[in-house]
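Trainee: Here is a sequence with its predicted model. Questions after.
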Amino acid sequence: MAVFLELLVNGISVGAVYALIALGFVVIFKATEVVNFTHASLLLAGGYVIARLHPLIGFWAALAAGIAAAALVGALVEFLILRRAHVGSRGVLAIVTIGVDILLTTELTRQIGTEVLALGDPWGDRVLHLGPVTIAETRVVALAVAAALIVAFLLAFKFTGWGVAMRATAEDAETAALMGVRLGRVSLSAWAVAGALAAVAALFLCVFPTPGLDRGTAAAAMKAFPAAILGGLDSTTGALAGGLIVGVTETLMSGYQSELAFLGRGIGDAAPFLVMIVILLLRPSGLFGTKEPARV
Amino acid sequence: MSEPVSEPVSEPTSEAATPVRDTPTTATSTTATPTAGTPAPGASRPLLAVPGITARTLRLVLWLAVVAVAVAVPFYLEGFWLQAGLFAMSAAIGAIGINLLTGATGQLSLGHAFFLAVGAYSYVYLSTDLGLPTPLAAVAAVIVAGLCGGVFSPIAGRLKGAYLGIATLALIFVGQHILFNAEPVTGGFNGRPVPPMELFGLVFADTPELVVLNVPFGSLERLWFLGIALLAGVAVFARGVLRGRPGLAMNTIRDHEIAAGVMGVPVARYRAGVFVLSSMYGGLAGVLVALVFQQVVPDYFGMLLSLDYLAMIVIGGLGSVAGAVAGAAFVSLLPQLLTRYSDALPLVAEPGSGGVSPAEAARILYGAAVVAVVLFLPGGLAGLATRLGRVRLKELRWAKSAPAPASRR
Amino acid sequence: MGKIGTRAGVAALALLSLAVAASAAGCASGKATGGGDGAGATAGGDGVKTGPGVSATTITVSALTDLTGPYASFGKSLTQAQQLYFDQVNAAGGVCGRKYELVVRDHGYDTQKAVAAYTEVAPKSAAIAQFIGSPMITALKQRVDGDKLLTIPMAWATTLLGSRAIQVTGTTYDVDMINAVEFLVKEKGITSGDKIGHLYFEGDYGESSLNGSKYAADKLGLQIVEQKIKATDQDMSAQVAAFKAAGVKAVLVSVGPRQTASLVGVSLAKGMDVPFVGSNSAYSPQLLPTPAGPALLKDFYYVSAGTPVSVQNAAMQRLVADYQAKYPGETLDSGVPTGWSAAMIVDEAMKKACEAKDLTREGVLTAHRSQSGFGGDFGTPMDFTFFDKPASRSSYLLKPDKAALGGAVVFREAEVSELAKDYPVPVG
Amino acid sequence: MSGEAGPETGGPRIEGPRIADPEETGGLDIRGLEVRYGPVRALRGVHLSVPGGAVAAVLGANGAGKTTLLRAVSGTLRFHRGAITSGTVAFGGSRLDGVPAAAVVRRGVVQVPEGRRVFARMTVAENLRAGALGVPGRRAAAARERVFELFPVLAERAHQRAGLLSGGEQQMLAIGRALMAGPSLLLLDEPTLGLAPLMAARIADTVRQINAQGTSVLLVEQNAAMALALAERAYVLEVGEVALSGPAADLAASDEVRRRYLGVGAPETDRPVGTGPGPAPGPAPDPATDPAAEKHERTRLARWTA
């Protein structure tokens, strides 16, 4: 039982980080219906700025700079590329974001080179002991931050003009435009927000229990894909739920891999995708996603 | 209100003679801008007098040249180029498949690499373990890939857009898990050696030795012809699909799914069917790439491969066979060219010297190509080629009052 | 062209194709038989038989490396060290009256690029002094064997054994792990009945290692708790939880440096204070400045047949000095001596082949396989006379050290454990 | 009439007196408008004007280009891969063609889209708020008062999800939402489509009321009787061209219009005959599509499905 608890708590804490990444996908998808593969490089960009600046200006200032930088990169990608891409389908735009991601990731990994960069966070490798269970402080913070951000987004979507514009655009972009919503601004702001979220996620992805930022960090963004999808690509609550489900599934499957040997060793990585498929078969728009309206 | 009847409100414009509804001829004339790239014989108006002959002649000369080059290549180029060419051919076959799915039908798939894996591993398993003759094993491998696509098609038919795209990611991760773990079939992380194809007594391997016209014909030279034949066959087939009624239905599903349904296109069946067809193309690409590799290893069939395929069709041109081939050639040859000629290229630094290495330059160029094509070159490389060279030919065809081909994008 | 029907067109096409093909033969393209392709040995002016990659003035040696993928840092060290080696040999007059030329191809840990690069360089190379990536070498193993091209893989899985042309240097991962288990039993108080965790990568690196640890555990009455991960996994919390739950007394580590750092860090933070012993690919000095550094310094060791750069012998000190002079500011990791000694293996084979006046591939292989007591300055002595067993069975135990050059010092001198001596190495 | 024949040779048409110059009255003025969806031309040589404070109606069958006309004004053609290829659209003397949809709203031209298209997942109040996003916040409160006055039912249901409203209520919400931006010109696309006659009459009353408060209205309707009763001036679109135009009362009296749009007269000439591309036979097109854009594809598809 203690093992199960330990794994569960670990899974939830990993899931919080996935949720933060997934939230970035969700914000962009909500506003533009684009699946953003550039998210991996936004992560890398945010993490890189934090890693490079923290020895110079301190952790918190570096964090702020990293968030700002990633937001800027996100906004630039939207403004310089996606806005100008005249393509028929969102699928093609998704492929464009793959192209942008390749560009950015190649350059950023070239900058990072072969180093492993620490982010200079104040939590270090401290852990909290909750009865028989231990959990890294960074992960507790991540969980709190993810929950806070998701609540903040829920409130913002409900009560601010930006949120109403975003929801209106998400539901029906053309009608939103007819109401005077400036779609360009909505999508620009969504990209900037997603960039900022990516930087926050990068922080928690690169601190303890992982050793730091390096060229492989971006790969973790992949795990947030099933999280975002199974929660529902347009749902903030879904991002949290999806992140937690992926985190818990992965951790439990890894932790019990000896018992699950018949599924093959290393099932932890494939498991979230299997869960995702099952959920999509039952609910094609994810757990909390809105059914894609029949639009012609 | 004193003058109840009078002149029409709309004044005739200079284009008044043009009917409102476009006939194919006028549709072309809006896009057709005669350019310098047109071959000389077709460049002048008078040819319209004998449009059929001229157009056919031009096409014939073109294809003649293509075939001649394709046949001559193994006699001149060294193994590196042949292998690069074979990778490009395999990529082209796979890219045609995903272009049917993503380009023509609008279904995003990130799982194409999985079907390549199915094709490659099935070929090995069927020919080695089950002892099927290799050509039969290859055909069966393609069918197995199609079956796998069919198994996934309930999902493919149900999901669309982003959801389908990411659901297909699952194929990659789950697929690789199986490749690594189902050792009796897949050989685990080591993969398995690929038995050479044997067709009408000809073995596609280095032994027994074969010398054709004084040139030693090793496996690559022999495979070259197999690759050309396969590519030509599947390209013609895909072109038929795209230009026929299925292609029209696919495009309608992509552009206006509900309208397609209203018009009686069995949307779900089509989506599933195209998924299966695209999987079979992937499977065939996998068989060819396995024959070239001579050993299948699980690492190869990862997500990067899938992303490469998407980049290919965007760069080449969505929804067209020529686009898929052009994009495949671009994406698979670029890194090899850059690596090979890194010494001579001013912008590319020697590996390890700290500058932009060839591999990085290739990735940057190919990322940039995806972006540039979408921003500046709608229609991709194939669209560019069409604009530069084929305009006249098309016009000639239409001048013959043949029905317009289905819109290809 | 006039009126040409489809049939006529096809006929013309066929004719033209034939004409082109015929002209290919007629004009004797570079590929025509005898044009230098293939293994036809030719005697040079100096009476030395030469094969592909050897001309009257140069010997071309290739490096298929990873400078842009996951092993970029290792690949860079290897490549620079080898460049340094061949430069020095050339400066000293070269070998057999010829200068070395090192052709470097970066495949970025991509199988297709590696296969393509091999196809490009193999016909013009006399040897491959470095080939990174087990999956890549595995994919090409048959061809390398068929090409009789002396190849030094930079991977130590047993699957690479069994080919006359492929020379795995030093120990294989399984031998290292056997030595590691014996070290744990001897010096870390592990006794029969205890459980030992083994965290390993999917793939032949991890699974070769696992073979070794399982063999040793079986012989010593220990129990291995397996945890397999992928290279993309970064956070080892779940694995630590599993190890902790199983009550392991020590952990073997056959993963990448990042995973090692996470594993060791999380274990200590969660109060699982046990010794860790890693394979030689599990550690990188670049981890020491990160927050995981202190944990690694505490009770982590790694096993290697190569000596660390901090070792106090003349050859190593000269290498370090030369390397730092040529590449100031570059990381000095285990790749430097490893790359250097691989280059040396190639060089020795060439020298021996030259003595025999046979620089054909067969000649180089024969020369190489005649050496039974190679090296010693940069690692344990190696025996190249067989190719179905590791060249060495003795490994050093190294320990991270912040102050040391290269971030590691020898903790225990090289030893062959009793078990490793008799261990039947699986081949292929 | 035959689409191929062109207006010069066409059938009967009615001509009213030249209307007042819209530039002087601050109205809408469309000249020589041509719109294409890729290779398909949906509108050609359309001249149309709505003087300030007036109500104008556009009649026509499905596929005649009515919705396209509104899209050209509201700047939403690009959502359907369409573009103005020649001609101008001006409002109050400044050009609207090429102006993004949001900017058109800021110039006082607001469209109520066909099929209402309320934001179903948002509440009524949020829908109204969305309508005011294009204008400064101060004006929103006053505008909301005006909307609630016009449609008291919206005030009652302010916190209900818009998707749960009845069709008529949704239409009210759609109109109310558009009024939140305080438009000088309201573009109404088939506001009575699919509504019960009683509800349609209420909507007509509301349009009259809105107009009385000083907002010009350009009304696109298939319900010709209602449209002609509301409007001062009317235009009949056929296959992308203005076939008839004139004072609404004159059009209502014309045989042609009576026969073809008011359902009076010989039924067999119900539709344009000859080669003109009326709506294709077969299932009804989806309301949100512009049939003109689909036209050529559908004719080919009709073959395909046969």
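Mentor: Received the coordinates, thanks.
Trainee: all strands of chain A, in order?
Mentor: If DSSP state E is used as the criterion, the strands of chain A fall at A:127-130, A:133-136.
Trainee: Identify whichever of those strands lies nearest to chain B.
Mentor: Between chain B and those, the shortest gap by Cβ to the nearest Cβ is with strand A:133-136, which sits at 25.8 Å. To be clear about C-beta, it is placed using only N, CA and C from the backbone, and glycine gets the same treatment.
Trainee: near chain C at all, the closest one?
Mentor: Yes. Applying Cβ under 8 Å from any Cβ of the partner chain, one finds strand A:133-136 touching chain C at A:Thr134, A:Ala136.
Trainee: Report the contact partners of the residue in the stretch 101-250 of chain D that chain A sits nearest to.
Mentor: When Cβ to the nearest Cβ is the measure, the stretch 101-250 of chain D has its nearest residue to chain A at D:Gly134, with 1.7 Å between them. Contact criterion Cβ atoms under 8 Å, 6 or more residues apart in numbering or on different chains gives A:Met179, A:Gly180, A:Val181, A:Arg182, D:Ala102, D:Val105, D:Arg106, D:Ala181 as the residues in contact with D:Gly134.
Trainee: Need the phi and psi values for the first one.
Mentor: For A:Met179, the backbone dihedrals are phi -90, psi 10 (criterion: degrees, to the nearest 10).
Trainee: Surely it touches D:Gly176?
Mentor: No. Contact status for A:Met179 versus D:Gly176: not in contact, 11.5 Å apart, counting by Cβ atoms under 8 Å.
Trainee: Tell me which of these two has more neighbours.
Mentor: For A:Met179 versus D:Gly176, neighbours defined as other Cβ atoms under 10 Å in any protein chain shown are more numerous around A:Met179 (32 against 27).
Trainee: for the chain, what spans make up the helices?
Mentor: No chain specified, so I'll use chain A. In order along the chain, chain A carries the following helices (DSSP state H): A:2-32, A:39-57, A:59-76, A:90-112, A:137-159, A:161-171, A:173-178, A:183-206, A:224-231, A:236-255, A:267-282.
Trainee: try chain D instead
Mentor: So, for chain D - with DSSP H - the helices run D:22-25, D:66-74, D:101-106, D:124-131, D:137-150, D:152-156, D:167-179, D:197-212, D:224-230, D:248-253, D:255-260, D:291-305.
Trainee: now for the ones you listed, which one comes closest to chain B?
Mentor: Nearest to chain B, of those and by Cβ to the nearest Cβ, is helix D:291-305 at 3.8 Å.
Trainee: number of nearby residues for C:Lys421?
Mentor: Applying other Cβ under 10 Å, we find 11 residues neighbouring C:Lys421.
Trainee: what do you get for B:Phe301?
Mentor: B:Phe301 has 28 neighbouring residues, counting by other Cβ under 10 Å.
Trainee: Likewise for A:Pro122?
Mentor: 12.
Trainee: What pLDDT is listed against it?
Mentor: As summarised for this prediction, A:Pro122 has a pLDDT of 86.
Trainee: Could you tell me the angle between the helix or strand hosting B:Ala140 and helix A:267-282?
Mentor: B:Ala140 belongs to helix B:134-158 when elements are defined using DSSP states H and E. Our comparison of helix B:134-158 with helix A:267-282, counting by axes from the mean of the first three to the mean of the last three Cα atoms, to 10 degrees, yields an angle of 60 degrees.
Trainee: Now do the contacts for D:Leu179.
Mentor: D:Leu179 is in contact with D:Val110, D:Gly131, D:Ala143, D:Arg146, D:Val147, D:Leu150, D:Leu186, D:Ile210, D:Thr215, counting by Cβ under 8 Å, 6+ apart.
Trainee: Within reach of chain A, which of the residues you listed are there?
Mentor: D:Val110, D:Gly131.
Trainee: For the contacts of D:Leu179, which entry has the maximal number of neighbours?
Mentor: Taking other Cβ under 10 Å to define a neighbour, the member of those with the most is D:Gly131, carrying 34 neighbours.
Trainee: With respect to burial, which of the strands of chain A scores highest?
Mentor: strand A:133-136 (a mean of 22; mean count of other Cβ atoms under 10 Å in any protein chain shown).
Trainee: Please tell me how far that one is from the chain's geometric centre.
Mentor: 23 Å (Cα atoms, centre = their mean, to the nearest Å).
Trainee: Please apply the same query to stretch D:174-181.
Mentor: Centre to centre, stretch against its chain (Cα atoms, centre = their mean), the figure for stretch D:174-181 is 15 Å.
Trainee: for stretch A:126-138, same thing?
Mentor: Stretch A:126-138 has its average C-alpha position 24 Å from the chain's average C-alpha position, going by Cα atoms, centre = their mean.
Trainee: ok, now stretch A:266-279?
Mentor: Taking Cα atoms, centre = their mean, one finds the center of stretch A:266-279 at 18 Å from the center of the full chain.
Trainee: when you scan that stretch, is anything in it near chain B?
Mentor: Yes. Stretch A:266-279 comes into contact with chain B when judged by Cβ under 8 Å from any Cβ, the residues involved being A:Gly266, A:Ile267, A:Asp269, A:Ala270, A:Phe273, A:Leu274, A:Met276, A:Ile277.
Trainee: In JSON lines, list those residues along with neighbour count.
Mentor: Compiled in JSON lines, these are given as follows (neighbours: other Cβ atoms under 10 Å in any protein chain shown):
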{"residue": "A:Gly266", "neighbour count": "26"}
{"residue": "A:Ile267", "neighbour count": "22"}
{"residue": "A:Asp269", "neighbour count": "22"}
{"residue": "A:Ala270", "neighbour count": "24"}
{"residue": "A:Phe273", "neighbour count": "27"}
{"residue": "A:Leu274", "neighbour count": "18"}
{"residue": "A:Met276", "neighbour count": "29"}
{"residue": "A:Ile277", "neighbour count": "21"}
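Trainee: Thanks a lot, catch you later.
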